[in-house]
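Novice: here are the coordinates; sequence isn't available:
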C-alpha cells in the first residue's frame, strides 16, 4: 500500500509528522505560540504563521485524521495533476483557508471594536488590555456578554492544522472521481464522492452558521474548512477553463 504514496503526499506527511513530534518533544506551548496562526492584532502573531500553521496539529487524533485524509485523497489527486500542480492546489487551499478565517475574525473583532471606540474608549488601550490577556469589565456597559466573548475569542484564538488544505484536495477528488464510493463515519453504507464531499462541506457550513458540531470537536475551524474548499474549487475551475490554452503547465 505504501508504495503507492506519491512524492508530494509523502513529503507533506513527513513534514507534518516531524513538526508534531517536535511539538510534543520540545515544548507544546512554545511551538503552538510560535507556529500556530494568531490574529494579526495579537502580539503573538508572526507573518510566517500564515504558512507554518498548516504543519501544526492539536493532538494525536487531529494529525491522524488529517494525514489519513491526505494519503487517501491526496495520492489520487497527485497522480492526475502531477506533483507541482498538486502542491500548488494544496498550499493555495491552505492559504485561502487561513485568509478567509482571518477575514471572518476581523469582521467579528472590528464590528465590536468600532462600538467600543464609538463610545470614547481608546483603541490603543483596548488592544493593550487584550494583549495582556485581560479585558475591562467597563466594556460590558457598552456591549453584552455574548459580544464580549466573541470579541475576546476573535483576538485570542489561534488556528492549527492542515484541514483547510485538505478540504481543497477533497474538492479536487470529488471533481476527478465523482463516482467513487466513500464511507462516511456513522453512516453504514457507501456514498459516491459527488454526494459525499458536498455533504461534508454542507455539514461544516451548518456548524459554522449555528455553532452546533456534528462529527467534529466544538473548537473546529469550520470557516477555514469552507475557505479551503472554496479556494480549491476556484483553482480547479481556473485550470479547467484554461486547460487548452498556452498557460497550461504540469
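Specialist: Thanks, I have the structure now. None of these values were measured; they are calculated from a predicted model.
Novice: could I get the average pLDDT for the helix or strand hosting residue 130?
Specialist: Residue 130 belongs to helix 123-131 when assigned by DSSP states H and E. Per-residue pLDDT over helix 123-131 has a mean of 96.
Novice: only the buried residues of the helix or strand following that helix, if you could.
Specialist: Tracing the chain past helix 123-131, the next element assigned as helix or strand by DSSP H and E is helix 145-156. In terms of neighbour count (16 or more other Cβ atoms under 10 Å), helix 145-156 has its buried residues at 147, 148, 150, 151, 152, 154, 155. Bear in mind the C-beta positions are built from the backbone N, C-alpha and C, glycine included.
Novice: the first one touches residue 109, doesn't it?
Specialist: No - judged on Cβ atoms under 8 Å, residue 147 makes no contact with residue 109 at a distance of 10.7 Å.
Novice: how far does stretch 177-185 sit from the chain's center?
Specialist: 22 Å (Cα atoms, centre = their mean, to the nearest Å).
Novice: first to last residue in stretch 47-57, what's the distance?
Specialist: Stretch 47-57 stretches 19 Å from its first residue to its last (Cα to Cα, to the nearest Å).
Novice: from now on call the first residue 404
Specialist: All set: I'll call the first residue 404, so the last point we hit is now stretch 450-460.
Novice: for that stretch, buried residues please.
Specialist: In terms of neighbour count (16+ other Cβ under 10 Å), stretch 450-460 has its buried residues at 452, 453, 455, 456, 457, 458, 459, 460.
Novice: closest one to residue 604 out of these, please.
Specialist: Checking the buried residues of stretch 450-460 against residue 604 by Cβ to Cβ gives residue 457 as the nearest, at 19.2 Å.
Novice: who touches that closest one in this structure?
Specialist: 494, 497, 501, 564, 565, 567, 568 (Cβ atoms under 8 Å, 6 or more residues apart in numbering).
Novice: tabulate these (JSON lines), appending pLDDT.
Specialist: Output for the contacts of residue 457, formatted as JSON lines (pLDDT from 0 to 100):
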{"residue": "494", "pLDDT": "97"}
{"residue": "497", "pLDDT": "97"}
{"residue": "501", "pLDDT": "96"}
{"residue": "564", "pLDDT": "94"}
{"residue": "565", "pLDDT": "95"}
{"residue": "567", "pLDDT": "95"}
{"residue": "568", "pLDDT": "97"}
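Novice: nearest to residue 631, of those residues?
Specialist: Relative to residue 631, and with distances defined as Cβ to Cβ, the nearest of these is residue 567, at 3.3 Å.
Novice: output the contacting helices and strands for the helix or strand containing that closest one.
Specialist: Using DSSP H and E, residue 567 falls within helix 566-579. In terms of contacts (3 or more Cβ pairs under 8 Å, 6 or more residues apart in numbering; DSSP states H and E), helix 566-579 is packed against helix 463-472, helix 478-484, helix 486-521, helix 596-613, helix 625-644.
Novice: before we move on, the earlier item: and the buried residues of stretch 450-460, which two are the farthest apart?
Specialist: 453 and 460 (16.8 Å).
Novice: and the contacts of the helix or strand bottoming out on mean pLDDT in the chain?
Specialist: Here the helix or strand of the chain ranked lowest by mean pLDDT, DSSP states H and E is strand 584-586, holding a mean of 81. The set of residues external to strand 584-586 that reach it, using Cβ under 8 Å, 6+ apart, is 593, 594, 595, 596, 599.
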